[in-house]
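S.K.: From the sequence below, what's the structure:
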Amino acid sequence: MAGIGFSLNRLFQKKGMLNLCRAYAYAGAVAIGPMVMGVCLLLGISFVSQVAGMPQNEREIMNCMLTYSLLVSLFVASFFNMILTRYISDMLYEGRRERIMPSFFGALAVMLPLCCVGYGIVLMFSGVPPVYRIVSLWFALTMIVVWTQMNYLSALKDYRAIAMGFGASMMSGFLLALLLAMGRRGTVLSLMFCVILAYGAMMIWYFVLMLGYFPHGEGSPFTFLQWFDKCRALAFTGIFVNLGLYGHLVIMYFGPLHRKIMGLFYAAPSYDIPSLTAFFSILITTISFVTSVEVRFYPEYRQYYSLFNDKGSISDIEAAEDRMVEVLSRELTYCGYRQIVSTILFVVFGGFIMDILPLGMMDLGKGIFRILCVGYGLYAIANAMMLILLYFEDYVGSVCATGAFALVANAVTIWQMLYGDTAYFGVGFMAGAIVYFLIVFFRMEWATRRLPYLLLGRQTASAASARGPLTRLADLMTRIDEKAGGGEKKEFAVRPDGPRRAVRPRRKQ
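M.R.: Purely as a prediction, here's the structure:
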């Protein structure tokens, strides 16, 4: 989150337990607040559906519509998110802020039609009523816009406005759903409308914030496509992470735990509920990573890069590298310890909590929950190290690690579904997380021993091969855009950039 480090530094520099708690609370609100509030909204809508007296089959249909639309939107956006993050970061570093807002419209111009065609075909043959298909597609398109906005919002400094917009929109959706339930008007369509209204209001609020921070922009909206040719490994890294993280859930919809809801809509509540609950065990690592990177690691990282750019002496560069690697090792170790403690607490006390909550968890679900807690814990630590590899621009290592994670997690889950015991479901994801952790760990060891090569040699080599098929596609789409605009030539035409500076401190969004 670009800029949050400055606010966190001020809070962490103040002494006292209260200020320390405030700092961690601030980091948690920014890092995991939106996700937690989003999950709370969906759980609240599910609770409201029960209050409204909706039949069980209608509640299951609504849950499937929400789940499928979320997964589709995440899958589509995952292929673009890291590329957009890199593009925004480069434009901010080069001082070309006017190029940022057009990329937002260009990305949506590509993603929304892809979602309409792909998800629309699936919904057409899904076997659900036409109005349900329209609402599901509408929600998926809304979420794609929201996921895309998240890449741009990380550059804003007004975190209070971002958090207030999210909280107000989520609360308004829940209250409207509650009013409908109290009036006995809670139906699948009305509650889905409440969810879409909540995220739609948030989408508009975020769009206003973006317009206030970025200029309206100049140049082609499709320039960002060049970055697929420059950093194509980033695109695959994003999609592999999501395939590994969510693929095992989709596979279970066709396994022995599945239940057919309607048409092509399936669910596996005995696996979904433990997975969602276990996912919360990694929130402490997310907060810890944000505070460690922004407050402790990033200043050393920036100092190390600045010595290259400002012609620092060899001895100063080597000393800065030693300090940076030492801080990185210490902070990643602390993150690992915190995640181990969190996983143990969830495994030990999670079963008791699920007995209290009305989740309908059986002994099978509790066993799956414990396995997934271990898997998610390993994933959280591995993912933190993979993000550090992206700081060092080791894109080859990141794409290999995430690709192995997705392959192993999904392949072992399919094997389990066909031949394994249901009591050990979740081992597939855990196996993928173990492979992910091992590859990233050894790659991190390799990378930290060769930092000058990664920061100088690889960037110079990659800058020479900037033009590729997507750059040519960007050229074509730019010409079409210019003709549609009356043939007016844009100030910034789409063209391959020349070699960039070999090393620069760039804050990941």
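S.K.: Now tell me which helix or strand of the protein has the poorest mean pLDDT.
M.R.: helix 458-463 (a mean of 49; mean pLDDT, DSSP states H and E).
S.K.: need the strands for the stretch 1-150 of the chain, in chain order.
M.R.: Assigned by DSSP state E, counting those that start in this stretch, the stretch 1-150 of the chain shows no strands.
S.K.: give me the low-pLDDT residue ranges for it?
M.R.: Applying pLDDT under 70 to the stretch 1-150 of the chain flags the ranges 1-35, 37.
S.K.: Dump stretch 127-137 to CSV, restricted to CA.
M.R.: C-alpha atoms of stretch 127-137 as CSV (Å, rounded to 0.1, in the frame of the first residue of the first chain):
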residue,chain,number,x,y,z
GLY,A,127,-30.0,-24.0,-16.1
VAL,A,128,-31.1,-21.2,-13.8
PRO,A,129,-33.8,-18.6,-14.6
PRO,A,130,-32.8,-15.8,-17.0
VAL,A,131,-33.2,-13.1,-14.4
TYR,A,132,-30.8,-15.0,-12.1
ARG,A,133,-28.3,-15.1,-15.0
ILE,A,134,-28.5,-11.3,-15.5
VAL,A,135,-28.1,-10.6,-11.8
SER,A,136,-25.1,-13.0,-11.5
LEU,A,137,-23.4,-11.4,-14.5
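S.K.: before we move on, back to that, moving C-terminal from the least confident helix or strand of the chain, which element do we reach first?
M.R.: The helix or strand immediately downstream of helix 458-463 is helix 469-484, counting by DSSP states H and E.
S.K.: Give the other helices and strands that that following helix contacts.
M.R.: Packing partners of helix 469-484 (3 or more CB pairs under 8 Å, 6 or more residues apart in numbering; DSSP states H and E): helix 226-230. C-betas here are computed from N, CA, C, even on glycine.
S.K.: Pull the distance from the helix it packs on to the chain's centre.
M.R.: 20 Å (CA atoms, centre = their mean, to the nearest Å).
S.K.: And it, what does it pack against?
M.R.: helix 56-94, helix 469-484.
S.K.: residues of the longest one that come out buried?
M.R.: Using 16 or more other CB atoms under 10 Å as the burial criterion, the residues of helix 56-94 that qualify are 58-92.
S.K.: same check, this time on stretch 299-312
M.R.: Neighbour-count burial for stretch 299-312 flags 300-305, 307-308, 312 (criterion: 16+ other CB under 10 Å).
S.K.: I'd like the helices and strands packed on helix 226-230 laid out as TSV, including distance to Leu364.
M.R.: Formatted as TSV, these follow (distance: least, CB to CB, whole Å):
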stretch	distance to Leu364
helix 56-94	19
helix 469-484	46
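S.K.: quick one, which of these is nearest to Asn383?
M.R.: helix 56-94 (12.9 Å; CB to CB).
S.K.: how much does the closest one deviate in direction from helix 469-484?
M.R.: 90 degrees (axes from the mean of the first three to the mean of the last three CA atoms, to 10 degrees).
S.K.: what number of residues lie near Val374?
M.R.: Residues lying near Val374 (other CB atoms under 10 Å) number 21.
S.K.: And Pro55, by the same measure?
M.R.: Applying other CB under 10 Å, we find 10 other residues in the vicinity of Pro55.
S.K.: nearest to Thr142, of the helices and strands packed on helix 226-230?
M.R.: helix 56-94 (8.1 Å).
S.K.: Can you spell out which helices and strands pack onto the closest one?
M.R.: So helix 56-94, by 3+ CB pairs under 8 Å, 6+ apart, packs with helix 33-51, helix 100-124, helix 130-153, helix 188-213, helix 226-230, helix 232-252, strand 259-262, strand 265-267.
S.K.: Tell me which of the ones you listed lies nearest to Gly432.
M.R.: With CB to CB as the criterion, Gly432 lies closest to helix 232-252 of the helices and strands packed on helix 56-94, at 5.5 Å.
S.K.: Now do that closest one, average pLDDT.
M.R.: Across helix 232-252, the average pLDDT comes to 90.
S.K.: list the helices and strands that helix packs on?
M.R.: Right, helix 232-252 is packed against helix 56-94, helix 269-279, helix 363-391, helix 395-419, helix 427-448 by 3+ CB pairs under 8 Å, 6+ apart.
S.K.: Tabulate those (CSV), appending distance to Asn242.
M.R.: Putting these into CSV (distance: least, CB to CB, whole Å) gives the following:
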stretch, distance to Asn242
helix 56-94, 4
helix 269-279, 14
helix 363-391, 12
helix 395-419, 8
helix 427-448, 13
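S.K.: Which of those helices sits closest to Asp316?
M.R.: Nearest to Asp316, of the helices and strands packed on helix 232-252 and by CB to CB, is helix 427-448 at 18.3 Å.
S.K.: Give me the mean pLDDT for the helix or strand following the closest one.
M.R.: Downstream of helix 427-448, the next assigned helix or strand under DSSP H and E is helix 451-452. Averaged over helix 451-452, pLDDT sits at 82.
S.K.: elements contacting helix 451-452?
M.R.: By 3+ CB pairs under 8 Å, 6+ apart, helix 451-452 packs against helix 314-356.
S.K.: chain center to the helix it packs on: distance?
M.R.: 20 Å.
S.K.: who does that helix touch, helix- and strand-wise?
M.R.: Against helix 314-356 (3+ CB pairs under 8 Å, 6+ apart) you get helix 269-279, helix 283-291, helix 298-309, helix 363-391, helix 451-452.
S.K.: Could you pull up phi and psi at Phe125?
M.R.: phi -110, psi 20 (degrees, to the nearest 10).
S.K.: what do you get for the one 3 residues further on?
M.R.: Dihedral angles phi and psi of Val128 (degrees, to the nearest 10) take the values phi -100, psi 160.
S.K.: can you count the residues close to the residue nearest to Tyr304 when sequence neighbours are not counted?
M.R.: Distance criterion CB to CB, 6 or more residues apart in numbering; nearest residue to Tyr304, sequence neighbours excluded, is Ala320 at 4.5 Å. Using other CB under 10 Å, Ala320 has 20 other residues around it.
S.K.: Next: the one 4 residues further on.
M.R.: Number of residues near Met324 (other CB under 10 Å) recorded here: 21.
S.K.: distance of it from Phe352?
M.R.: Remark: distance between Met324 and Phe352 (CB to CB, to the nearest Å) = 43 Å.
S.K.: ditto for Leu191
M.R.: 31 Å.
S.K.: again with Glu218
M.R.: On the measure of CB to CB, Glu218 and Phe352 end up 59 Å apart.
S.K.: Just want to know which of these two has more residues nearby.
M.R.: Glu218 (13 against 8).
S.K.: so is the more buried one in a helix, a strand, or just coil?
M.R.: Under DSSP: H, G, I helix; E, B strand; the rest coil, Glu218 falls in the coil class.
S.K.: That concludes my questions; thank you for your assistance.
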